[in-house]
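Q: What follows is a predicted structure for the sequence shown.
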Amino acid sequence: MSELPAALRLPVDEAAPALLGHTVTVGDCAGVIVETEAYHETEPACHAYVGRTSRTEVLFHAPGTWYVYRSYGIHALLNAVVEEEGVGAAVLIRALEPLRGLDAMRARRGVTARSDFDLCSGPGKLSQALGFDLEANGTDVLGGPIRLGPPPPGWTSLDVLAGPRIGITKATELPWRFSVAGNRHVSRPRPAG
DNA sequence: CATGGGATTGACT
DNA sequence: GTCAATCCCATGC
């Protein structure tokens, strides 16, 4: 029996950096989280800012649920729901360092992934590499198709960089993008530091 | 019911 | 650097 990672019990701006180093596993493929962003219902960049709707419903669930939504009509973006039931908050998983199943990831990513640094170095890329889609929305982070696990040996006490979030137009002043310092699997643009 | 805007990526100038 | 692809869903008439 695995337990819900303690990081998911933290406020979202602490949960996001705390999830760095944790693993995400789908079937035979796995990666280590190297980049995250925090989103909270009290700031307008968060989908939950508009309140409970059919789209945002999952964001208000208890910690331990995945929120997966379609971005730009093309990509599935993966978020871990955090904070107490009734509060809309989630951590966007933006990049992974591939750990297992790299051949399957390369096959799904195709020729556009010229190197292993292109496999999971972005929120849309990692969903394609791991092979999940919107059907995973609302599933459990422990018992569902996408499983969140603790950091492997050597992935604790990481040096974390914080900076402004990517690709949003509102609340850009919040330093809620977090990444493992110096890790080459982080998405572009690289955070300063 | 029609419209418009993305928590992105990859191809192209 | 610019830009299109593509679809879910919130909003407004």
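A: Great, that's in hand.
Q: only C-alpha atoms for contact and neighbour calcs from this point on.
A: Will do.
Q: which residues does residue A:82 contact?
A: A:8-12, A:15, A:62-64, A:88-91 (C-alpha atoms under 8 Å, 6 or more residues apart in numbering).
Q: How much space separates it from residue A:48?
A: For residue A:82, the distance to residue A:48 equals 12 Å [C-alpha to C-alpha, to the nearest Å].
Q: which residues do the two both contact?
A: In contact with both residue A:82 and residue A:48: A:88-89, using C-alpha under 8 Å, 6+ apart.
Q: if we can go back for a sec, just the buried subset of the contacts of residue A:82, written out for PyMOL, thanks.
A: Restricted to buried positions by 16 or more other C-alpha atoms under 10 Å, the PyMOL selection for the contacts of residue A:82 reads:
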select buried, chain A and resi 8+9+10+11+12+15+62+63+64+88+89+90+91
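Q: Spatially nearest residue to the spatially most central residue of chain A, not counting backbone neighbours?
A: Centroid-nearest residue in chain A: residue A:93, 1.1 Å away (criterion: C-alpha atoms, centre = their mean). Distances taken as C-alpha to C-alpha, 6 or more residues apart in numbering put residue A:36 closest to residue A:93, at 4.8 Å, once the chain neighbours are dropped.
Q: Would you mind confirming that that neighbour makes contact with residue A:15?
A: No. Between residue A:36 and residue A:15 there is no contact under C-alpha atoms under 8 Å: 9.4 Å.
Q: can you list residues touching both of these two?
A: Counting by C-alpha under 8 Å, 6+ apart, the residues touching both residue A:36 and residue A:15 are residue A:91.
Q: still on that earlier bit, give me every residue that touches the residue nearest to the centre of chain A.
A: Counting by C-alpha under 8 Å, 6+ apart, residue A:93 has contacts A:33, A:35-37, A:77-80, A:123.
Q: export those to a markdown table and tack on neighbour count, secondary structure and distance to DNA strand B?
A: Putting these into a markdown table (neighbours: other C-alpha atoms under 10 Å; DSSP: H, G, I helix; E, B strand; the rest coil; distance: C-alpha to the nearest atom of the strand, whole Å) gives the following:
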| residue | neighbour count | secondary structure | distance to DNA strand B |
| --- | --- | --- | --- |
| A:33 | 27 | strand | 14 |
| A:35 | 31 | strand | 11 |
| A:36 | 27 | strand | 9 |
| A:37 | 25 | strand | 7 |
| A:77 | 25 | strand | 7 |
| A:78 | 26 | strand | 7 |
| A:79 | 24 | strand | 6 |
| A:80 | 26 | strand | 9 |
| A:123 | 22 | helix | 4 |
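Q: hang on, the earlier thing: now the residue nearest to the centre of chain A: how far from DNA strand C?
A: 19 Å (C-alpha to the nearest atom of the strand, to the nearest Å).
Q: In terms of pLDDT, where does that residue sit?
A: pLDDT, residue A:93: 98.
Q: The spatially closest residue to residue A:98 that is not a sequence neighbour is in what secondary structure piece?
A: Take residue A:98 and drop its neighbours on the chain: the residue closest to it by C-alpha to C-alpha, 6+ apart is residue A:31, 4.3 Å away. In this assignment (DSSP states H and E), residue A:31 forms part of strand A:29-40.
Q: No further questions, thank you.
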